[in-house]
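Engineer: quick one, what's the 3D model for this:
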Amino acid sequence: MRMKNKYRKPTTLRCNAGTRCSFPVMVWSLVGCLLMLHLYSLVCRKHGVGGEIQMRKDHHHPLFHELEEVEEEDIRIPPPKGKRSPRAAKRRPKRPTTLIEEFLDESSQLRHVFFPDEKTAIHPMKDATNESFYYYPGRIWLDTDGNPIQAHGGGILYDEKSRKYYWYGEFKDGPTYHAHKKAAARVDIIGVGCYSSKDLWTWKHEGIVLVAEETDETHDLHKSNVLERPKVIYNEKTGKYVMWMHVDDANYTKASVGIAVSDSPTGPFDYLYSKRPHGFDSRDMTIFKDDDGVAYLIYSSEDNSELHVGPLNPDYLDVTRVMRTILVGQHREAPAVFKYQGTYYMITSGCTGWAPNEALAHASESILGPWETMGNPCIGGNKVFRQTTFFAQSTFVLPLPGLPGSFIFMADRWNPADLRDSRYVWLPLTVGGAADRPLDYNFGFPLWSRVSIYWHKRWRLPYTWKEKNQ
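Structural biologist: Sure, this is the predicted structure:
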């Protein structure tokens, strides 16, 4: 605590009319003016004064009108099976069962809540008209051939040439096993699946566009290794579709990125090489292409204790020497980056293996940082749903053209007992309103807009968007 020096005269300045003004008062008044100017500039940038606020108040906006309604969940934990001896209970009290434990328990009576069976599957080719285009987070999602979509940990590319969306992800249609007793659940590499769509609901399987190596055990993509979180971007200068992914060995000690290229969004992709970017270990990662065509790699590093971000070369086939360290000591992974009105946003998860955990939203004026953490973006469900990202993990955020401030939050609901049966959780995401917590910079004021992900048991995009994109 600062102590006042009673022998020191107060610093004063002579003002008009012979009055005396306190110097600290003038300094803090100046600081206040600067803060007000900064706040005003944030509100006015790009879209004019009150542009975003006016849009948020527009009750005719097709997405905000319905999808910001909050849905709740009331899931009760079933009583334990069998009777327990009172004497045994006194010796070793049983730990109360939590919803997370029930989620991870493949014999749980609540299994059908988190992983509904095939009877409830989303089948775009058979659903009645009044059920068309509805997303049901957690249900089995079938492609146009009637098979479950296999695109886990993936991302979406919109291709201007074909005017189609391409969804790339891990094709996990194999048995789940453990390489050894303490190893995490895994499936052998099969490859990267690709699906195409014009409406983001009906998906055609385009095949496995990057195939695993069956015989060469020294190859990065040998089936015994790890391929995760593939993301594809298009390079206008070279005309190539470039895929980045996390490649690893079965014990997660390689910790590298892999790069592949193709002349077509539907492949086949030619695998080029792997490396540790900037000389650091790399695990969960993503690629973000900015408005000016510069692409960036964002990855978890230093044993997942921090994130690194840096630009790619103009051909997108390697990183440059530029790299910044962000979210130091926060232990975040599964980054999903997007941009709105000049601000960069990112959703991340905690590091708890296959177990779900709390998502956090982050924001920055520069993709290279500094990044500020704004709090949990999840709204609705119940407390446990919000603390577990609706029992899912972030993988990608897809902007919706024609709907400013509207996005689809893409996440995976991992099933560690049977990874091929992991589900997709797609939910509406909006940007606007005050953030939850004071931030580290900007004198502690939450100047960024809030990121909100709304829980819905069932939802769909507005007809106006669907008509424009068919």
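Engineer: shouldn't Val337 be in contact with Lys289?
Structural biologist: No: checked against Cβ atoms under 8 Å, the pair Val337 and Lys289 is beyond contact range at 9.9 Å. Glycine gets a C-beta too; all of them are placed from N, C-alpha and C.
Engineer: distance from the chain centre to the biggest strand by length in the chain, please.
Structural biologist: For the chain, the longest strand by residue count, based on DSSP state E, is strand 423-434. The chain centroid and the centroid of strand 423-434 are separated by 10 Å under Cα atoms, centre = their mean, to the nearest Å.
Engineer: buried residues in it?
Structural biologist: For strand 423-434, the neighbour count (16 or more other Cβ atoms under 10 Å) marks 423-432 as buried.
Engineer: looking at those residues, spot the one nearest Thr348.
Structural biologist: Checking the buried residues of strand 423-434 against Thr348 by Cβ to Cβ gives Leu429 as the nearest, at 14.0 Å.
Engineer: relative to Ile347, how far out is the closest one?
Structural biologist: 8 Å (Cβ to Cβ, to the nearest Å).
Engineer: identify the contacts common to those two.
Structural biologist: 377, 397, 409, 451, 453 (Cβ atoms under 8 Å, 6 or more residues apart in numbering).
Engineer: what helix or strand is the third one on?
Structural biologist: Which is Phe409. strand 406-413 (DSSP states H and E).
Engineer: what's that strand packed up against?
Structural biologist: strand 152-159, strand 332-340, strand 393-399, strand 423-434 (3 or more Cβ pairs under 8 Å, 6 or more residues apart in numbering; DSSP states H and E).
Engineer: can you put those in a markdown table and add mean pLDDT?
Structural biologist: A markdown table is the format used below for these (pLDDT from 0 to 100):
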| stretch | mean pLDDT |
| --- | --- |
| strand 152-159 | 97 |
| strand 332-340 | 97 |
| strand 393-399 | 97 |
| strand 423-434 | 89 |
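Engineer: tell me which of Val337 and Lys289 has more neighbours.
Structural biologist: Ranked by neighbour count (other Cβ atoms under 10 Å), Val337 and Lys289 place Val337 first, with 22 against 19.
Engineer: show me the contacts for that one.
Structural biologist: Taking Cβ under 8 Å, 6+ apart, one finds 286, 288, 296, 298, 344-346, 367, 397 in contact with Val337.
Engineer: how far away from the center of its chain is stretch 103-112?
Structural biologist: Counting by Cα atoms, centre = their mean, stretch 103-112 comes out at 25 Å from the chain centroid.
Engineer: circling back: nearest to Lys275 among the buried residues of strand 423-434?
Structural biologist: Closest approach to Lys275 among the buried residues of strand 423-434 (Cβ to Cβ): Tyr424, at 30.3 Å.
Engineer: gap between that closest one and Gly153?
Structural biologist: Tyr424 is 11 Å from Gly153, by Cβ to Cβ.
Engineer: find residues that contact each of the two.
Structural biologist: What both Tyr424 and Gly153 touch, as defined by Cβ under 8 Å, 6+ apart, is the set Asp412.
Engineer: which helices and strands does the one helix or strand Val247 maps to pack with?
Structural biologist: For Val247, the enclosing helix or strand under DSSP H and E is strand 240-248. Applying 3+ Cβ pairs under 8 Å, 6+ apart, one finds that strand 240-248 contacts strand 226-235, strand 256-262, strand 285-289.
Engineer: okay, now the sheet partners of the last one, with direction.
Structural biologist: The strands that strand 285-289 pairs with in its sheet are strand 295-301 (antiparallel) (by DSSP bridges).
Engineer: would TSV of the helices and strands packed on strand 406-413 with distance to Lys198 be doable?
Structural biologist: Formatted as TSV, those follow (distance: least, Cβ to Cβ, whole Å):
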stretch	distance to Lys198
strand 152-159	10
strand 332-340	21
strand 393-399	14
strand 423-434	17
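Engineer: circling back to that earlier point, which residues do Val337 and Lys289 both contact?
Structural biologist: The contact lists of Val337 and Lys289 share Tyr296, where a contact means Cβ under 8 Å, 6+ apart.
Engineer: where in this protein is pLDDT low?
Structural biologist: The model of the chain has pLDDT under 70 over residues 1-67, 80-96, 128-130, 433-447, 463-470.
Engineer: run the last query once more with 50
Structural biologist: Across the chain, the ranges flagged by pLDDT under 50 are 1-21, 40-60, 83, 88-89, 438, 441-443.
Engineer: where along it do the helices fall?
Structural biologist: 23-44, 51-57, 64-67, 86-91, 99-104, 111-114, 383-387, 463-468 (DSSP state H).
Engineer: residues in contact with the closest residue to His246 other than its chain neighbours?
Structural biologist: Leaving aside its chain neighbours, His246 sits nearest to Glu228 (4.4 Å; criterion: Cβ to Cβ, 6 or more residues apart in numbering). Residues counted as contacts of Glu228 (Cβ under 8 Å, 6+ apart) are 153, 170, 245-248, 284.
Engineer: any of the residues you listed buried? List them.
Structural biologist: 153, 170, 245-248, 284.
Engineer: pull the number of nearby residues for Ala417.
Structural biologist: Ala417 has 15 nearby residues by other Cβ under 10 Å.
Engineer: count the neighbours of the nearest residue to Phe171 once chain neighbours are set aside for me.
Structural biologist: Leaving aside its sequence neighbours, Phe171 sits nearest to Gly193 (Cβ to Cβ, 6+ apart; 3.9 Å). Gly193 has 25 neighbours, counted by other Cβ under 10 Å.
Engineer: do the same with the one 5 residues further on
Structural biologist: Counted with other Cβ under 10 Å, the neighbours of Lys198 add up to 14.
Engineer: same question, Leu110
Structural biologist: 16.
Engineer: how about it: what's its closest non-neighbour residue?
Structural biologist: Using Cβ to Cβ, 6+ apart, the closest residue to Leu110 is Glu102 (4.8 Å).
Engineer: so Glu236 makes contact with Gly293?
Structural biologist: Yes: using Cβ under 8 Å, Glu236 makes contact with Gly293 at a distance of 6.6 Å.
Engineer: between the two, who's got more neighbours?
Structural biologist: Between Glu236 and Gly293, counted using other Cβ under 10 Å, Gly293 has the larger neighbour count: 12 against 8.
Engineer: burial of the closest residue to Leu227 other than its chain neighbours, as a residue count?
Structural biologist: Residue nearest to Leu227 in three dimensions, not counting chain neighbours: Ile189, with 4.8 Å by Cβ to Cβ, 6+ apart. For Ile189, the neighbour count with other Cβ under 10 Å is 26.
Engineer: got the contact list for Ala355?
Structural biologist: 100, 104.
Engineer: for Gly329, see how far away the closest residue to Ala417 other than its chain neighbours is.
Structural biologist: The shortest distance from Ala417 to any non-neighbouring residue, by Cβ to Cβ, 6+ apart, is to Glu106 (3.8 Å). Separation of Glu106 from Gly329 (Cβ to Cβ): 34 Å.
Engineer: can you give me the neighbour number for the spatially closest residue to Gly174 that is not a sequence neighbour?
Structural biologist: Leaving aside its sequence neighbours, Gly174 sits nearest to Val187 (Cβ to Cβ, 6+ apart; 4.3 Å). By other Cβ under 10 Å, the residues close to Val187 number 19.
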